[in-house]
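# give the three-dimensional model of this entry:
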Amino acid sequence: MENLVNIFVKSVFIDNMIFAYFLGMCSYLAVSKTVKTSTGLGIAVIFVLGFTVPVDYLIENFLLKEGALTWLDPSFADVDLSFLSFIIFIAVIASMVQLVEMIIEKFSPALYSSLGIFLPLIAVNCAILGGSLFMQERAYNNIAEATAFGLGSGVGWFLAIVGIAAIREKIRYSNIPDPLKGLGITFIITGLMGIAFMGFMGIKL
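Okay, here's the model as predicted:
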């Protein structure tokens with residue numbers, strides 16, 4: 001249990017998708033104008049990462065890796081389908097995003113309209129695919145660890161986009177130099193937030 005908490009906390013604060021790896025910046029910059037839309041998109045990302053990472057873990061370990069098919073028959077011990085991992089991971093992500101899109105459209109049409117094109121674009125959000133690829137690279141021991149990592153990565157992305165959205169709402173009426181208005185000041189604040197999150201690297205887990 002302690003190991004799962006460590007993985008979760010590390011993926012939220014130390015290995016934050018936005019501030020440590022700058023993944024998912026397109027949606028992060030485009031949708032973070034209001035806290036309401038940022039919260040909706042952040043929750044959708046948590047849901048997608050929380051489901052796709054463990055599903056991709058199961059596919060990786062029971063279908064794609066060399067020798068993964070031995071549960072079907074020992075004669076498949078030499079079969080290696082890992083070259084299909086990119087295609088399979090993207091297919092799983094696209095399926096989950098489609099499910100999230102249908103749920104939001106049914107239960108919150110206003111949020112669905114405000115998110116616009118950026119909701120289906122979660123399917124090509126590099127933070128989502130990055131979660132599955134990091135899971136693959138780090139070779140977690142079981143599905144619980146992969147799930148903790150996926151949820152932690154989603155929560156980290158959620159905190160990042162809601163945080164920048166709250167700041168952007170507050171500075172909307174501030175006296176910002178004209179050349180820095182909009183994305184300029186947003187990039188500066190993102191850099192400062194990234195430096196602040198680097199302080200979490202001192203946490204001993």
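
# so for the residue of the chain most remote from its centre, what's the pLDDT?
No residue in the chain sits farther from the centre than residue 75, which is 37.4 Å out by Cα atoms, centre = their mean. pLDDT, residue 75: 83.

# what does the one 10 residues further on give?
Predicted confidence (pLDDT) for residue 85: 90.

# could you do residue 205 as well?
63.

# then residue 43?
So residue 43 comes in at 88 (pLDDT).

# what's the helix or strand for the nearest residue to it once chain neighbours are set aside?
The shortest distance from residue 43 to any residue other than its chain neighbours is 6.8 Å, reached at residue 158 (Cβ to Cβ, 6 or more residues apart in numbering). C-beta: built from backbone N, CA, C; applies to glycine. Using DSSP states H and E, residue 158 sits in helix 143-170.

# any idea how far the residue nearest to residue 43 lies from residue 68?
Going from residue 158 to residue 68 by Cβ to Cβ, to the nearest Å gives 32 Å.

# then residue 12?
Relative to residue 68, and taking Cβ to Cβ, residue 12 is found at 30 Å.

# going by neighbour count, list what's buried in the helix or strand just after the helix holding residue 158.
Downstream of helix 143-170, the next assigned helix or strand under DSSP H and E is helix 183-198. The neighbour-count check on helix 183-198 (16 or more other Cβ atoms under 10 Å) flags 185, 186, 190, 193, 197 as buried.

# chain center to helix 183-198, what's the gap?
19 Å (Cα atoms, centre = their mean, to the nearest Å).

# tell me which strands and helices it is in contact with?
In terms of contacts (3 or more Cβ pairs under 8 Å, 6 or more residues apart in numbering; DSSP states H and E), helix 183-198 is packed against helix 25-31, helix 143-170.

# mind checking which of those helices is nearest residue 111?
Residue 111 lies closest, by Cβ to Cβ, to one member of the helices and strands packed on helix 183-198: helix 25-31, at 11.0 Å.

# tell me, how many residues neighbour residue 71?
Residues within reach of residue 71, counting by other Cβ atoms under 10 Å, total 10.

# now stretch 119-137: average pLDDT?
For stretch 119-137, the per-residue pLDDT averages 86.

# how about it: buried residues?
Across stretch 119-137, burial judged by 16+ other Cβ under 10 Å covers 119, 121-123, 125-136.

# next one: it to chain centre, how far?
6 Å.

# ditto for stretch 38-55
7 Å.

# contacts for that stretch?
By Cβ atoms under 8 Å, 6 or more residues apart in numbering, the surrounding residues in contact with stretch 38-55 are 24, 27, 31-32, 89, 92-93, 96-97, 100, 104, 108, 111, 114-115, 118-119, 122, 125, 127-128, 131-132, 135, 143, 146-147, 149-151, 153-155, 157-159, 161-162, 164-165.

# go with 6 Å
31-32, 92-93, 96-97, 100, 111, 115, 122, 128, 131-132, 135, 143, 146-147, 150-151, 153-154, 157-158, 161-162, 165 (Cβ atoms under 6 Å, 6 or more residues apart in numbering).
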